[in-house]
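Student: got a predicted structure plus its sequence, pasted below:
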Amino acid sequence: MTDANLPMRPRCPICKKPAASPNEDCFPFCSDRCRLVDLGRWMDGTYMTSRPIDPTDEQDPDRK
């Protein structure tokens, strides 16, 4: 089997190291540290949605 046929292992979005396995609590990050760095970025406003959510953007199919 060549490297091109091997499935890509996910990378941590913070530090780019190989991510923890999906059954670990810190997945998709490599560690709790990177998970908390990501949370901190959301909390301090580094990450944000591109615009306020508009209720007409996505209608709930069960809502009438």
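Tutor: Okay, I see it.
Student: does the closest residue to residue 27 other than its chain neighbours lie in a helix or a strand, and which?
Tutor: Distance criterion CB to CB, 6 or more residues apart in numbering; nearest residue to residue 27, sequence neighbours excluded, is residue 20 at 4.9 Å. (C-beta placed from N, C-alpha, C; glycine too.) Assigned by DSSP states H and E, residue 20 falls within no helix or strand.
Student: then residue 37?
Tutor: Using DSSP H and E, residue 37 sits in helix 32-43.
Student: I'd guessed residue 18 sits against residue 8; true?
Tutor: No. Counting by CB atoms under 8 Å, residue 18 does not reach residue 8; the two are 10.1 Å apart.
Student: between those two, who's got more neighbours?
Tutor: For residue 18 and residue 8, the more surrounded residue by other CB atoms under 10 Å is residue 18, and the numbers stand at 10 against 5.
Student: residues in contact with that one?
Tutor: Residue 18 sits next to 9-12, 30 when contact means CB atoms under 8 Å, 6 or more residues apart in numbering.
Student: likewise for residue 20?
Tutor: By CB under 8 Å, 6+ apart, the contact set of residue 20 is 26-31.
Student: could you list which of those belong to helices?
Tutor: Nothing among the contacts of residue 20 maps onto helices, per DSSP state H.
Student: pull out the buried residues from the contacts of residue 18.
Tutor: 12, 30 (16 or more other CB atoms under 10 Å).
Student: quick one: which of the contacts of residue 18 is nearest to residue 40?
Tutor: Of all those, residue 12 has the smallest distance to residue 40: 15.0 Å, by CB to CB.
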